Structures are given as structure tokens and as C-alpha cells.
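Colleague: no sequence for this one, just the structure:
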């Protein structure tokens, strides 16, 4: 039976690289992978998946209101789809995640989703929360904090490199806007700045 897989990690863990390698493996065997990416992520251009090591591939852009079961069924009818690969899956709606389960359950096509688990405030993205709840297989890909520990959190920074504590959940960006940290250093970065201790004055 086909399954839904969710590969999640913090920034810079190589999620897109793993996805593109999976697509290459299918094509190498004469099979057709269908690559999807939410249209909101246009860092590499509309309908492009780009990894930090330089690999790129064309993908079908997903709009928020798209019925993914209908989209994939139409593609499958034109030419058999061996697997569906979804990049930046945190930007899917919960409804779209359930549609992907229908792709696996009713079309018999495995679905591999890659994305972040949490946002810059440590909160689950709606798409990731749905995938954590319904995916058949969950796999954490490893990113590394500057201290050498596993990075699980995504710190948003401003142009000066200072931690950002407030803002919209979704703000597209790469290394210029986000830093992957372990939980300890994430909390330290978000801790309020402490005022400098008052210096003692000489007695008159």
C-alpha cells in the first residue's frame, strides 16, 4: 500500500537536496516523479526547487486553493506518476494534506513531503501539524547548531543579525533571514536583553 512520508527538519538540513536526489533516482529507473512546491516559495523562481548545494529542478507550483487529489489524478491520467515529491510542505493547508492521503490511499501513489516542523517562534505550521498527525512515516533530518548539537529550531533574524521575536508566521527567506539552532541557543537568542549593571560611583 502506498504511504505518505514526512521528512522534517530545521533550516539547512538538506531537505530539498534529499527530495531532488529522490526524484533523480526515480527518473534514472525510467519512472516519473511529480514535483510540487507551494507557489508562495518563489526564492528560486516560480515552480522551481533549489537546494543550497546548487541542485535545481522544475516543479508544479501549488496555490492555496488547489485540490491536490484532482491535480495529481489529472497528471496520473496523462502519464503514470510513480511518486509525488512535495517541497516546503509546511506551507500546505491541512485540507491539502488530507488530499495527499487520498493520493496514497486511492491512487496508490506514494507521497513524500519535505518541510519545516516549526516556525521562528517554535510553533507548528498548520501543514506540518497535519502531516505529523496523519503521515504513515515520520523522519527527522538532522541540521547542526553552531555549538555542534542537533539544530531543531529556526531563528528569524533582521538585516543586522538580531533575533526577531514578533511577526507573521510566514516570511520567505534563506540564510539571510533564518538561522538553525539547538533549543538552548534558540532560547538564549530570544531572551530579553539585560541592562548593563549600574557602575558604582566614587564617594564624594
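Modeller: Now that the structure is in, tell me what you want to look at. Because the structure is a prediction, the values reported are computed rather than measured. Numbering: from 1, shown residues only.
Colleague: Mind checking which residue lies nearest the centre of the protein?
Modeller: Central residue of the chain (CA atoms, centre = their mean): residue 115, 2.2 Å from the mean position.
Colleague: Looks like that residue contacts residue 127 (just checking).
Modeller: Yes. Residue 115 lies in contact with residue 127 (CB atoms under 8 Å); the separation is 6.8 Å. Backbone N, C-alpha and C define where each C-beta goes, glycine included.
Colleague: shared neighbours of those two, anything?
Modeller: Taking CB atoms under 8 Å, 6 or more residues apart in numbering as the criterion, residue 115 and residue 127 both touch 89-91.
Colleague: before we move on, the earlier item: which of the helices or strands spans the residue nearest to the centre of the chain?
Modeller: Assigned by DSSP states H and E, residue 115 belongs to strand 111-116.
Colleague: as a whole number, average confidence for that strand?
Modeller: Strand 111-116 shows a mean pLDDT of 96.
Colleague: List the buried residues in the helix or strand just after it.
Modeller: For strand 111-116, the following helix or strand on the C-terminal side (DSSP H and E) is helix 126-134. Neighbour-count burial for helix 126-134 flags 126-131 (criterion: 16 or more other CB atoms under 10 Å).
Colleague: Which of those sits closest to residue 98?
Modeller: residue 130 (7.1 Å; CB to CB).
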